[in-house]
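Visitor: dropping the sequence and predicted coords here.
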Amino acid sequence: MSPRVFVSYRKADGGFAAVLLDETLRGRFGDDVVFRDSRSIPLAMDFRSELWRALRDTGVLLAVIGPGWLTVQKNGARRLDDPDDYVRQEIEHAIRFGLHVIPVLIGDTALPSANDLPKDMRELVYRQYHRISVRTASIDLSVLVDQVARLLGHSAGGPTPPAPPTPAPVEGEGHYTVVAVRIGGFADRPDKEQGALRATMYEQLHLAAGYAGLPWTDFSVQDYIDGVHLLVPGSTPPAAVLVEFLGALEKRLADLPAMGRHEVRLRVAIHLGLASRDSRGWAGAALALADRLVAAPALTRLLEDPYTRLALIVSESVYTTVVKPGHRRIDQRVYRAVEIRSAGVPTIGAWVRDQNGISAPRMPRWAVVVIVVLVGIGVFGGVSAYAIANWSNSGASGLDSPGTTLPGLQSRGSAASGSTSSGPDVSGSTTIQLTDNGLGTPLYVDTAGTPSAHARIPVGTEVRISCKVRNTVAGMSSVMYWYRIESEEWRGQYAPSDTFANGDTPRTGGTTRVAENVPDC
């Protein structure tokens with residue numbers, strides 16, 4: 001049998017991952033169906049002709065991309081820039097032949113940008129990729145093999161293997177976690193784009209279930225034109241659906257490359273309640289309520305943020321039983337109450353997750369009075385009464401504005417005022433910067449792009465920055481500078497300068513990529 005899966009890799013970068021892939025795929029499909037050069041080419045054979053023969057008979061090419069894949073050099077030059085480089089030729093041939101090309105990212109390796117690749121390889125960055133992480137390698141490999149099986153069935157002209165089985169639920173009423181999912185902006189897309197969006201949505205839901213450790217067979221699925229209803233039985237904790245499943249889904253969506261008009265952005269609602277199934281499908285008040293929630297205007301507004309891939313709303317029952325008690329370390333502060341109003345039906349309460357809505361603790365009125373008295377007797381000698389009054393007003397209203405600063409720090413400039421200041425000086429060359437990445441600002445242990453074990457810095461956090469370093473990592477060309485962090489929690493770590501407001505009005509998609517007042521390290 002001719003090989004139909006081709007493993008493309010660099011021995012100096014993803015050799016061990018390629019071997020692991022090869023062994024896993026062979027265990028599923030057999031030795032003759034998988035091609036990996038070091039194993040598949042017999043001794044004394046012309047490996048060039050064997051490579052091109054294998055590519056000609058291939059249906060799926062897996063491009064294994066590790067941290068050094070872009071930058072591996074030979075004789076002082078990048079190997080990818082050499083037209084005779086075999087990895088480059090393998091991928092260019094696969095794209096030219098119309099094969100299914102899957103970038104397989106190892107660990108935290110980023111997908112290359114189009115500008116990082118030779119012209120005939122740039123199509124690679126628009127192919128849906130798959131990531132294999134150290135902690136979830138067995139799940140990642142299993143999901144990838146399932147996806148390859150489907151592609152092989154299609155490319156070989158035979159029947160496509162069926163989707164993961166969903167057992168027929170027992171007819172009758174039961175308690176479920178109802179997840180309503182809708183694709184943002186779906187109705188405005190042409191038919192071909194709608195089909196691609198739906199396919200990607202289902203793929204990401206399936207992958208997220210695997211990463212969360214929730215069997216897809218536990219999900220009952222009711223399809224909708226622009227989305228889907230997922231019903232999870234009461235035996236699965238609602239917190240697992242809200243935290244593990246949606247957390248994995250959000251990460252999957254965030255890891256997807258920016259695809260312009262094909263970008264998938266989801267509105268999601270979760271409710272707990274009764275639902276029943278008959279011969280025609282699912283029905284019940286729980287589904288109707290989830291439908292009302294997922295259509296909330298607040299979710300549409302959240303998706304207007306270019307960084308937001310998943311806008312979430314939960315019903316009062318989910319908030320009361322899962323969010324408010326803080327199950328699985330849920331931070332209830334990021335949820336704000338909303339009312340869902342519809343003509344002819346009662347108004348219902350719900351909670352929208354809005355990471356920008358975290359308010360600082362309110363300043364008690366008695367504290368405001370004390371401060372004013374102390375100012376009057378000169379304890380705060382250097383601080384003007386006007387500044388204190390502004391601070392007290394901000395405290396009384398919850399300090400909700402991301403631009404609010406403490407007494408003694410100059411106010412941050414904004415686009416409205418025309419100021420180009422990116423933050424107040426704190427001590428010497430240290431400045432305050434405001435994080436402005438909707439997914440949280442990622443951290444790195446060095447300027448070579450080594451990911452940190454620390455969690456991301458939440459959006460809207462004021463961070464002390466000591467200095468900046470120009471980025472030289474070819475595989476992270478979107479990063480202009482690295483900021484060195486001095487705030488105690490993340491001291492000594494680095495973060496991309498592009499993920500800070502840098503003087504622009506926060507959350508408006510400002511264009512300032514680095515603040516001029518941050519000195520070089």
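Guide: Great, that's in hand.
Visitor: ramachandran coordinates for V352?
Guide: Summarising the backbone geometry of V352 under the convention degrees, to the nearest 10, its torsions are phi -100, psi 130.
Visitor: in the sheet, who's paired with it?
Guide: Per DSSP bridges, the residues bridged to V352 are I313, R336.
Visitor: first vs last residue of stretch 107-115, how far apart are they?
Guide: Length of stretch 107-115, first residue to last, CA to CA, to the nearest Å: 22 Å.
Visitor: would you mark the buried spots in that stretch?
Guide: When neighbours are counted by 16 or more other CB atoms under 10 Å, the buried residues of stretch 107-115 are found to be T109, A110, L111, P112, S113. Glycine gets a C-beta too; all of them are placed from N, C-alpha and C.
Visitor: looking at the residues you listed, which is nearest S276?
Guide: S276 lies nearest to L111 out of the buried residues of stretch 107-115, by CB to CB, at 43.7 Å.
Visitor: name the helix or strand for the closest one, please.
Guide: Assessed by DSSP states H and E, L111 sits outside every helix and strand.
Visitor: now do the closest residue in space to I340 that isn't next to it in sequence against P325, distance only.
Guide: In space, not counting the residues next to it along the chain, I340 is nearest to I348; the distance is 4.9 Å by CB to CB, 6 or more residues apart in numbering. When distance is defined by CB to CB, to the nearest Å, I348 is 21 Å away from P325.
Visitor: with P458 instead?
Guide: 21 Å.
Visitor: just after the helix-or-strand element of the chain with minimal mean pLDDT, pick out the following helix or strand.
Guide: When each helix and strand of the chain is scored by mean pLDDT, DSSP states H and E, strand 425-427 comes last, with a mean of 37. Read in the C-terminal direction, the helix or strand following strand 425-427 is strand 430-434, with elements assigned using DSSP H and E.
Visitor: which other helices and strands contact that following strand?
Guide: Using 3 or more CB pairs under 8 Å, 6 or more residues apart in numbering; DSSP states H and E as the contact criterion, the neighbours of strand 430-434 among helices and strands are strand 462-470.
Visitor: picking that back up, which one's more surrounded, P458 and P325?
Guide: Between P458 and P325, counted using other CB atoms under 10 Å, P458 has the larger neighbour count: 16 against 12.
Visitor: list the contacts for the spatially closest residue to that one that is not a sequence neighbour?
Guide: Of all residues not flanking P458 in the chain, G440 sits nearest, at 5.5 Å (CB to CB, 6+ apart). With contacts taken as CB atoms under 8 Å, 6 or more residues apart in numbering, G440 has the following neighbours: A455, R456, I457, P458, V459.
Visitor: buried ones in stretch 187-199?
Guide: Residues of stretch 187-199 classed as buried: R189, Q194, A196, L197, R198 (neighbour count, 16+ other CB under 10 Å).
Visitor: do stretch 22-35 as well
Guide: Counting neighbours by 16+ other CB under 10 Å, the buried set in stretch 22-35 is D22, T24, L25, R26, R28, F29, V33, V34, F35.
Visitor: find the nearest non-adjacent residue to L197, please.
Guide: For L197, the nearest residue in space outside its immediate sequence neighbours is I183; the separation is 5.2 Å by CB to CB, 6+ apart.
Visitor: the one you found against E263, yeah?
Guide: No: distance between I183 and E263: 10.3 Å, which falls outside the contact criterion (CB atoms under 8 Å).
Visitor: buried residues of stretch 52-72, list them for me.
Guide: Of the residues in stretch 52-72, those buried by neighbour count under the rule 16+ other CB under 10 Å are 54-55, 58-67, 69-70, 72.
Visitor: now stretch 119-130
Guide: Residues of stretch 119-130 classed as buried: M121, E123, L124, V125, Y126, R127, Q128, Y129, H130 (neighbour count, 16+ other CB under 10 Å).
Visitor: with stretch 211-224 instead?
Guide: Within stretch 211-224, the residues that qualify as buried are Y211, A212, L214, W216, D218, F219, S220, Q222, counting by 16+ other CB under 10 Å.
Visitor: and which of these is nearest to V469?
Guide: Proximity of those to V469 (CB to CB) peaks at Y211, which lies at 33.5 Å.
Visitor: tell me where the protein is predicted with low confidence.
Guide: Counting by pLDDT under 70, the chain contains low-confidence residues at 1-3, 154-172, 255-262, 355-429, 438-439, 474-478, 507-510.
Visitor: where is the longest helix in it?
Guide: When the chain is scanned for its longest helix (criterion: DSSP state H), the result is helix 191-212.
Visitor: distance check, N502 against T441.
Guide: 12 Å.
Visitor: same deal with D278?
Guide: D278 is 49 Å from T441, where distance means CB to CB.
Visitor: M45 too?
Guide: The spacing between M45 and T441, counted by CB to CB, is 51 Å.
Visitor: of these two, which one has the most company?
Guide: Under the criterion of other CB under 10 Å, the comparison of M45 against T441 puts T441 first, with 22 against 10.
Visitor: need phi/psi at the closest residue to R4 other than its chain neighbours.
Guide: Nearest residue to R4, sequence neighbours excluded (CB to CB, 6+ apart): G59, at 4.5 Å. Torsion angles at G59 (phi, psi; degrees, to the nearest 10) stand at phi -110, psi -30.
Visitor: repeat that for P238.
Guide: Torsion angles at P238 (phi, psi; degrees, to the nearest 10) stand at phi -60, psi -30.
Visitor: I figured it hits T177, correct?
Guide: Yes: at 4.7 Å, P238 and T177 qualify as touching, with contact defined as CB under 8 Å.
Visitor: settle it for me: which of those two has more neighbours?
Guide: The neighbour count for P238 versus T177, taken as other CB under 10 Å, is higher for T177 (27 against 23).
Visitor: which SS class is that one?
Guide: strand (DSSP: H, G, I helix; E, B strand; the rest coil).
Visitor: now do H271
Guide: Bear in mind the rule, three-state DSSP; under it H271 is strand.
Visitor: what's the answer for H229, then?
Guide: Put simply, H229 is strand when judged by three-state DSSP.
Visitor: neighbours around it, how many?
Guide: Here the number of neighbours of H229 (other CB under 10 Å) works out to 24.
Visitor: what's the answer for the one 4 residues further on, then?
Guide: P233 sits with 14 neighbouring residues when counted by other CB under 10 Å.
Visitor: leaving out the residues flanking it, which one is nearest to it?
Guide: Taking CB to CB, 6+ apart, and ignoring the residues beside it in sequence, P233 has Y176 as its nearest neighbour in space, at 6.1 Å.
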